[in-house]
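*Asks:* structure for this input, please:
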Amino acid sequence: MLLIAPNVFCQTNKELALAKKRKAIELMDNGSPDESIILLEEAKKLDPDTYLYDYEIGYAYTDKKDYPKALEIYKKVIKYKDANDQCYQMLGNSYDYNNDPKSALKTYDKGLKKFPNSGRLYLEKGNVYLNQKKFNEALPFYEQGIKIDPTFPSNYYRAIKLL
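*Replies:* Here you go, the predicted model:
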């Protein structure tokens with residue numbers, strides 16, 4: 001019994017980190033991004049090899065509209081070996097929110113080189129042009145996103161709205 005009991009009450013660092021992340025997201029959703037960032041930093045120390053915690057920290061700064069800080073964080077996020085297309089999406093979005101659509105487009109293109117079947121990156125390229133009211137330039141990106149990732153619904157929505 002004594003050998004089993006410690007195992008029941010022990011959690012791995014990864015499990016503790018994920019629990020902190022869940023709590024941090026809850027805090028963020030309830031309007032407390034600063035408290036969320038503190039928990040996410042703690043989680044990152046427990047599980048430093050994944051992008052998840054920096055990704056959420058970047059999201060918290062985006063939520064606070066601190067786009068330069070979000071950019072700083074997301075530039076680190078895309079360097080993680082487990083980074084995915086959403087990481088490139090958020091880095092590009094941060095450039096766009098920071099009034100740098102040219103860098104946003106370059107970021108989405110870099111993401112598409114790594115994730116050529118990412119409907120979300122085509123969506124974001126279209127959104128850059130949509131925000132500039134260049135509707136004829138936006139539509140082909142939504143259409144390409146539909147073609148390569150037909151299960152990603154946002155490209156359909158944007159294309160239909162444009163049409």
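*Asks:* skip the chain neighbours and tell me the closest residue to Thr62.
*Replies:* In this structure, Thr62 finds its nearest non-sequential neighbour in Ala70, 4.5 Å apart by C-beta to C-beta, 6 or more residues apart in numbering. C-betas here are computed from N, CA, C, even on glycine.
*Asks:* what's the helix or strand where that neighbour lies packed up against?
*Replies:* Under the criterion of DSSP states H and E, Ala70 resides in helix 67-77. The contact analysis (3 or more C-beta pairs under 8 Å, 6 or more residues apart in numbering; DSSP states H and E) places helix 67-77 against helix 52-63, helix 85-97.
*Asks:* and the contacts of it?
*Replies:* 51, 54-55, 57-59, 61-62, 83, 87, 90-91, 94-95, 97-98 (C-beta atoms under 8 Å, 6 or more residues apart in numbering).
*Asks:* give me the ChimeraX select line for these, limited to the buried ones.
*Replies:* In ChimeraX, this line selects whichever of the contacts of helix 67-77 come out buried by 16 or more other C-beta atoms under 10 Å:
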select :51,54,55,57,58,59,61,62,83,87,90,91,94,95,97
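*Asks:* count the neighbours of Ile160 for me.
*Replies:* 9 (other C-beta atoms under 10 Å).
*Asks:* any idea how far Pro150 is from it?
*Replies:* The spacing between Ile160 and Pro150, counted by C-beta to C-beta, to the nearest Å, is 14 Å.
*Asks:* from the contacts of helix 67-77, which is closest to Phe141?
*Replies:* Tyr95 (16.3 Å; C-beta to C-beta).
*Asks:* quick check, the closest one in contact with Pro101.
*Replies:* Yes. Tyr95 is in contact with Pro101 according to C-beta atoms under 8 Å; the separation is 7.3 Å.
*Asks:* biggest helix in the protein by residues?
*Replies:* Identified as the longest helix of the chain according to DSSP state H is helix 13-29.
*Asks:* C-terminal to that one, what's the next element?
*Replies:* Immediately after helix 13-29, counting by DSSP H and E, sits helix 33-46.
*Asks:* quick one: buried residues of the one helix or strand Lys106 maps to?
*Replies:* Following DSSP H and E, one finds Lys106 within helix 101-114. Within helix 101-114, the residues that count as buried by 16+ other C-beta under 10 Å are 101, 103-105, 107-108, 111-112.
*Asks:* name the helices or strands packed onto the helix or strand that it is followed by?
*Replies:* Using DSSP H and E, the helix or strand that follows helix 101-114 in sequence is helix 119-131. When contacts are defined as 3+ C-beta pairs under 8 Å, 6+ apart, helix 119-131 packs onto helix 85-97, helix 101-114, helix 135-148, helix 154-162.
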